[in-house]
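Q: Sharing a model that was predicted from the sequence below.
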Amino acid sequence: MQRSLKEIAESVQARLSGDGGVQVSGIASIKTASAADLVFVEDSENLDLALASPAAAVIAGEFANGTTGTKPLLICSQPRLAFARAARMLCPPFQHQAVIHASAVVSSTARLGKNVAIEARTVMGDGAEIGDNTRVGAGSVIGANVRLGKDCEVYPNVTIYPGVRLGDRVIVHAGAVLGSDGFGYVRDKTTGRYEKFPQVGRLEIEDDVEIGANTTVDRGALAVTRIGRGTKIDNLVHVGHNVRIAEDVVIAAQTGFSGSITVEKNAVIGGQVGIGEQATIGEGVMLGGQSGVLPKKVLRGKGVAFWGTPAKPVREYLKELAVLGRLSKKSKD
Amino acid sequence: MQRSLKEIAESVQARLSGDGGVQVSGIASIKTASAADLVFVEDSENLDLALASPAAAVIAGEFANGTTGTKPLLICSQPRLAFARAARMLCPPFQHQAVIHASAVVSSTARLGKNVAIEARTVMGDGAEIGDNTRVGAGSVIGANVRLGKDCEVYPNVTIYPGVRLGDRVIVHAGAVLGSDGFGYVRDKTTGRYEKFPQVGRLEIEDDVEIGANTTVDRGALAVTRIGRGTKIDNLVHVGHNVRIAEDVVIAAQTGFSGSITVEKNAVIGGQVGIGEQATIGEGVMLGGQSGVLPKKVLRGKGVAFWGTPAKPVREYLKELAVLGRLSKKSKD
Amino acid sequence: MQRSLKEIAESVQARLSGDGGVQVSGIASIKTASAADLVFVEDSENLDLALASPAAAVIAGEFANGTTGTKPLLICSQPRLAFARAARMLCPPFQHQAVIHASAVVSSTARLGKNVAIEARTVMGDGAEIGDNTRVGAGSVIGANVRLGKDCEVYPNVTIYPGVRLGDRVIVHAGAVLGSDGFGYVRDKTTGRYEKFPQVGRLEIEDDVEIGANTTVDRGALAVTRIGRGTKIDNLVHVGHNVRIAEDVVIAAQTGFSGSITVEKNAVIGGQVGIGEQATIGEGVMLGGQSGVLPKKVLRGKGVAFWGTPAKPVREYLKELAVLGRLSKKSKD
């Protein structure tokens, strides 16, 4: 897709310095840019590299103001964000064909919105609802009474258990499982055998959530599991039953949440973190990779970073590591 | 499904106090109960809350004996267990339709029991055997000569490699992979290249096992991988080749077992635990979340909890953490 | 498949001691061997056990030279390797039928090599290319313009996103996801909302790579994610965007790589390891299970083992653990 710099500058709200008639057709990093590409920089050192590259034009921060280079510049306060938005103009997401493939198995009671793409070999149960412009990828299985909102992208081989609800603009990557049973058993003291505790609650995923490949999110036991608006979850993450994650939370790969955890808005959780039952991760808390949070623990502090197992304020943890390192160096054997 | 309290009391072996003719049709937590719901409590504090809730009736422990409340009570020694059993009466698992869907691809040499449900788009290889009342979910692939017992529930998009054997009442959640190759290679000293060590052993999963979503269990290399009767495995767990897990073991999410590990009965293993090759987890051992067990290590002690990496008795580990914390606080920088 | 010892000895380049006309038809461990099986040993203690077992013949190292036992011996310098190669003669991998199943949905613009097996319910997008002798397992979804080389084995229910390229002899186990979007967002400072950073790069997987069940490998953001020739990846591993893994690297289960990491050749990475953005794992480095490597950290040293979080040379880490243990034992409470 080709666009003029003028069009892009208007769309991403950047000030254009140079020839607005220049056409660009792609995005790239400085290292890989070719002559039709748009690149971006966040500091003046990279600006020099960008101007020396074959790129057609450069999105730059306010620091670039007044630069008289060899290329047109698009100047704005958030160059990375402007670049991301320009990328959506130049590399629009794959345009699905609004077709219900002949090999899809769609219940006669399912309700499909306008312009939906139901790809080959999908299975859709009774009473399922698919919003306008939503794509369901090949091989995905949408259980009975599932509700997908508008403009969702469900990649191939996803499984959504019956009754799960997704909002609008939700992205679900391949192999993810939504609404599986939580891990709850009762042990019979007389026989010693485990019996299933009911896992009959709901799963609600709000607007603008993205769920990574092969991630699993369990339904509630008696209540609800909820993923808040705008939360982003990476690959191979586990979310247990009754977990409530608020808005705009970021969760990196392979992190695990056991049951009944509360995560407040704007938390940032690293990869391979493990969080115990009924813990609370407060608003804006940051958890370093591989941290472990004990059951029922409450971590609080906007912008405060925690690390280690059990997780503690990162300075405290680093000091402990340093003290141990010094003691060890002093020790003879 | 509606049931009288009298029916439920008889079925779960509880003593009824109050009107046995009262009908209930659902289960709930105290917080979410409505007027037709049954709830349960395990202590007297919650009993007061339950009696004040809209719930129709309450399952309670022996402590409730003699309580003269406003609601009928079902009194028994294990109220949580009685509640789980009542839940199975009131919310029976989804009744599958005993139909082989026209879109399923079933080998002519597969043998299907009575009342099986083979959902849309399943694929079943030569010589596969499916026991009575078993459901195979949409999109699942059952390899040649796989044997599933009676009353199994295989959710959608599961893959079972050829020759794997499952007992009766086994539940396999969506996306799980059973019988994949173990991770074994031999490095050729002359070329430096890795070549595959044979992964031609078996995988046997006994009765009443539950396997979580996107969990992977490898077949044996030359011998067998075995999951014992009644063992419960959460989501995203990895079980390597030749692992032998005994009966009634509980394994939380994202835990990993490398090759040739032995887990004895009644062990309880937390989430994100990693266990090295040829280690032994003894009968009734408890392993805290994120613990690491070294290869060949043997951990023993019924009811003894271990934690940390390398895993040690939890008191010992907590003492080390406390000692380090005190040293760090005394240290100036 | 039956073979004479003479045939096997020639093929695996071992010296035959005993009757080359003896026929073997299987492989086994010493414990499970029956009369038609071939076994292998790597030391003289196991040689005695092997000679006392029912096995037909024994592959042994040079230490067995001159042994006059009751069974034929195949003597060579790398007995485990010779056994692995003999196993490929005796238990050849499942011979797929070179058939495009009637239920497969294959684009008319896909190009299929000779002798390919496209199993039931696979979906193959426009412009996909499948090399000679490659198998695509049931239920797998091969995106548009994906290129698979020759002699590949793609197990069932795999998802390969559009444009991903695989070399020859690549094995992809069930449920793996290749080419999913990386985890990259830009936060708009004015709204506080995360927007997707473009994830439009490529994924290239070179010859002889093996990818475990339910493993996920993301495509590059703007550049490329690459897995080098001969690298072996276990189950449930996460590889983030722009990661470059060189040749002959071994990665155990549940390990995670965040973005833009470099792994040099011959590295050996244990299970549940977590590696931060832009870190470098040098040539031949060994990383113990559950290690954590900080972002941008560079670990170097052929054959040097690192362990712990943050990862340090294993001796240093063990010394710290020992010092802490001693301090704790001295401490009163």
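A: Noted; the coordinates are in hand. Residues are numbered from 1 along each chain as shown, chains lettered A, B, ... in the order given.

Q: wouldn't residue A:113 be in contact with residue A:131 here?
A: Yes. Using Cβ atoms under 8 Å, residue A:113 is in contact with residue A:131, at 4.7 Å. All C-beta atoms are positioned from the backbone trio N, CA, C, and that covers glycine.

Q: So residue A:325 belongs to a strand, correct?
A: No. Per DSSP: H, G, I helix; E, B strand; the rest coil, residue A:325 lies outside any strand segment and is helix.

Q: In the sheet, which residues pair with residue A:74? Tell me.
A: Assessed by DSSP bridges, residue A:74 has beta-bridge partners residue A:16, residue A:59.

Q: And it, what's its pLDDT?
A: For residue A:74, the pLDDT comes out at 97.

Q: For stretch A:264-277, what is the spacing between the initial and final residues?
A: One end of stretch A:264-277 to the other measures 15 Å (Cα to Cα, to the nearest Å).

Q: quick one: average confidence on that stretch?
A: Rounded mean pLDDT across stretch A:264-277 is 98.

Q: What is the distance between it and the centre of its chain?
A: Here stretch A:264-277 is found 13 Å from its chain centre; the criterion is Cα atoms, centre = their mean, to the nearest Å.

Q: Residue A:113 and residue A:131: which is more packed in?
A: Set side by side, residue A:113 and residue A:131 show more neighbours around residue A:131, with 22 against 15, by other Cβ atoms under 10 Å in any protein chain shown.

Q: OK, contacts around residue A:11?
A: By Cβ atoms under 8 Å, 6 or more residues apart in numbering or on different chains, the contact list for residue A:11 reads A:85, A:86, A:89.

Q: Tell me how far the second one lies from chain C.
A: Looking back up the chat, that one is residue A:86. 9 Å (Cβ to the nearest Cβ, to the nearest Å).

Q: what do you get for residue A:81?
A: Relative to chain C, and taking Cβ to the nearest Cβ, residue A:81 is found at 5 Å.

Q: My reading is that that residue is in a helix; is that accurate?
A: Yes. Under three-state DSSP, residue A:81 sits within a helix.

Q: which neighbours do residue A:113 and residue A:131 share?
A: Common neighbours of residue A:113 and residue A:131 (Cβ under 8 Å, 6+ apart) are residue A:150.

Q: re the thing from before, any idea which of the contacts of residue A:11 is least confident?
A: Lowest confidence among these: residue A:89, with 92.

Q: who touches that one in this structure?
A: By Cβ under 8 Å, 6+ apart, the contact list for residue A:89 reads A:1, A:3, A:7, A:8, A:11.

Q: got it, and residue A:294?
A: Neighbouring residues of residue A:294 by Cβ under 8 Å, 6+ apart: A:276, A:279, A:310.

Q: cool, residue A:85 as well?
A: By Cβ under 8 Å, 6+ apart, the contact set of residue A:85 is A:11, A:12, C:195.

Q: And the helix or strand it falls within, how far out from the chain middle?
A: Counting by DSSP states H and E, the element that carries residue A:85 is helix A:79-90. Helix A:79-90 sits 18 Å away from the centroid of its parent chain (Cα atoms, centre = their mean).

Q: what's the answer for stretch A:156-171, then?
A: 14 Å.

Q: what about that stretch and chain C, any contact?
A: Yes. Judged by Cβ under 8 Å from any Cβ of the partner chain, stretch A:156-171 comes into contact with chain C through A:156, A:157, A:171.

Q: In strands, which of the contacts of residue A:89 appear?
A: Filtering those for membership in strands, criterion DSSP state E, returns residue A:3.

Q: just for the stretch 201-333 of chain A, where's the confidence low?
A: A:333 (pLDDT under 70).

Q: Can you pull the residues of it lying near chain C?
A: Counting by Cβ under 8 Å from any Cβ, the stretch 201-333 of chain A sits next to chain C at A:208, A:210, A:212-214, A:230, A:232, A:234-236, A:248, A:250, A:252-254, A:266, A:271-272, A:289-290, A:321, A:324-325, A:327-328, A:331, A:333.

Q: could you flag which of the residues you listed are buried?
A: A:208, A:210, A:212-214, A:230, A:232, A:234-236, A:248, A:250, A:252-254, A:266, A:271-272, A:289-290, A:321, A:324, A:327-328 (16 or more other Cβ atoms under 10 Å in any protein chain shown).

Q: Residue A:81 versus residue A:280, what's the distance?
A: 31 Å (Cβ to Cβ, to the nearest Å).

Q: The two: who's more crowded?
A: Using other Cβ under 10 Å, the more surrounded residue of residue A:280 and residue A:81 is residue A:81, with 22 against 17.

Q: residues in contact with the more buried one?
A: A:12, C:186, C:187, C:188, C:189, C:195.

Q: Just the ones of these in strands?
A: Per DSSP E, the contacts of residue A:81 map to strands at C:186, C:187, C:195.

Q: restrict the residues you listed to those near chain A?
A: Checking the ones in strands among the contacts of residue A:81 against chain A (Cβ under 8 Å from any Cβ), the matches are C:186, C:187, C:195.

Q: Specify the beta-bridge partners of the spatially most central residue of chain A.
A: Centroid-nearest residue in chain A: residue A:232, 2.5 Å away (criterion: Cα atoms, centre = their mean). Counting by DSSP bridges, residue A:232 forms beta bridges with residue A:210, residue A:250.

Q: I'd like to know how far it sits from chain B.
A: Counting by Cβ to the nearest Cβ - residue A:232 and chain B are separated by 19 Å.

Q: quick one, what contacts that residue?
A: Residue A:232 is in contact with A:209, A:210, A:249, A:250, A:251, C:183, C:185, C:194, counting by Cβ under 8 Å, 6+ apart.

Q: for residue A:129, phi and psi?
A: Dihedral pair for residue A:129: phi -130, psi 130, per degrees, to the nearest 10.

Q: what residues does the stretch 1-150 of chain A put near chain C?
A: Residues of the stretch 1-150 of chain A found near chain C (Cβ under 8 Å from any Cβ) are A:27-29, A:31-32, A:77-78, A:80-81, A:83-85, A:87-88, A:91, A:94, A:101, A:103, A:119-121, A:137-139.

Q: So how do I select the buried members of the contacts of residue A:89 in ChimeraX?
A: Buried subset of these, written as a ChimeraX selection, criterion 16+ other Cβ under 10 Å:
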select /A:3,8
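
Q: Okay, and which of the contacts of residue A:89 map to helices?
A: Among the contacts of residue A:89, DSSP state H puts A:7, A:8, A:11 in helices.

Q: can you list the domains in chain A?
A: Residue ranges of the domains in chain A are recorded as A:3-90, A:105-315, according to automatic domain parsing.

Q: Identify the residue spatially nearest to residue A:60, adjacent ones excluded.
A: Using Cβ to Cβ, 6 or more residues apart in numbering or on different chains and skipping the chain neighbours, the partner closest in space to residue A:60 is residue A:41 (5.1 Å).

Q: got a list of what the one you found touches?
A: By Cβ under 8 Å, 6+ apart, the residues touching residue A:41 are A:30, A:47, A:49, A:50, A:58, A:59, A:60, A:61, A:64, A:79.

Q: same question, residue A:152
A: Contacts of residue A:152 (Cβ under 8 Å, 6+ apart): A:131, A:134, A:135, A:166, A:168, A:169, A:170, A:171, A:172.

Q: Tell me which residue of the stretch 1-150 of chain A lies closest to chain C.
A: Closest residue of the stretch 1-150 of chain A to chain C, Cβ to the nearest Cβ: residue A:87 (3.8 Å).

Q: May I have the predicted confidence score for that residue?
A: On the pLDDT scale, residue A:87 gets 95.

Q: Contacts only, for the nearest residue to it once chain neighbours are set aside.
A: Using Cβ to Cβ, 6+ apart and skipping the chain neighbours, the partner closest in space to residue A:87 is residue C:198 (3.8 Å). Contact partners of residue C:198, counting by Cβ under 8 Å, 6+ apart, are A:27, A:83, A:84, A:87, A:88, A:91, C:184, C:221, C:222.
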